[in-house]
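1. predicted coordinates and the sequence they were generated for:
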Amino acid sequence: MAGRLRVTYRKSTIGYSERQKRTVQSLGLRRLGQQVELEDTSTVRGMVFHVKHLVTVEVVETVASAAE
């Protein structure tokens, strides 16, 4: 898994468990509609899996630099 994930906070955590609220915060999301780009690691994928009903995820394609 190489690359990045763009995670967007889509649904409020009101009414969900404290664990899910903390997971959303740990992803770096604070406000509805906010987007963050995170490294595509198994840890981040696991966190996203647990709150998949609250967020949307896109894979961001990285472009190789021209200097290489």
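-> Great, that's in hand.

2. for the rest of this, base every contact and every neighbour count on C-alpha atoms.
-> Noted.

3. where does the chain have low pLDDT?
-> 1, 64-68 (pLDDT under 70).

4. residues in contact with stretch 26-45?
-> Applying CA atoms under 8 Å, 6 or more residues apart in numbering, the external contacts of stretch 26-45 come out as 1-12, 24, 47.

5. identify each buried residue in it, please.
-> Neighbour-count burial for stretch 26-45 flags 27, 28, 29, 35, 37, 38, 40, 45 (criterion: 16 or more other CA atoms under 10 Å).

6. what of stretch 46-57?
-> 48, 51, 52, 54, 55, 57.

7. that one: end-to-end distance?
-> 12 Å (CA to CA, to the nearest Å).

8. what's the answer for stretch 2-17, then?
-> One end of stretch 2-17 sits 31 Å from the other (CA to CA).

9. and what of stretch 30-44?
-> Distance between the two ends of stretch 30-44: 17 Å, counting by CA to CA.

10. next one: it to chain centre, how far?
-> Put simply, stretch 30-44 sits 3 Å off its chain's centre (CA atoms, centre = their mean, to the nearest Å).
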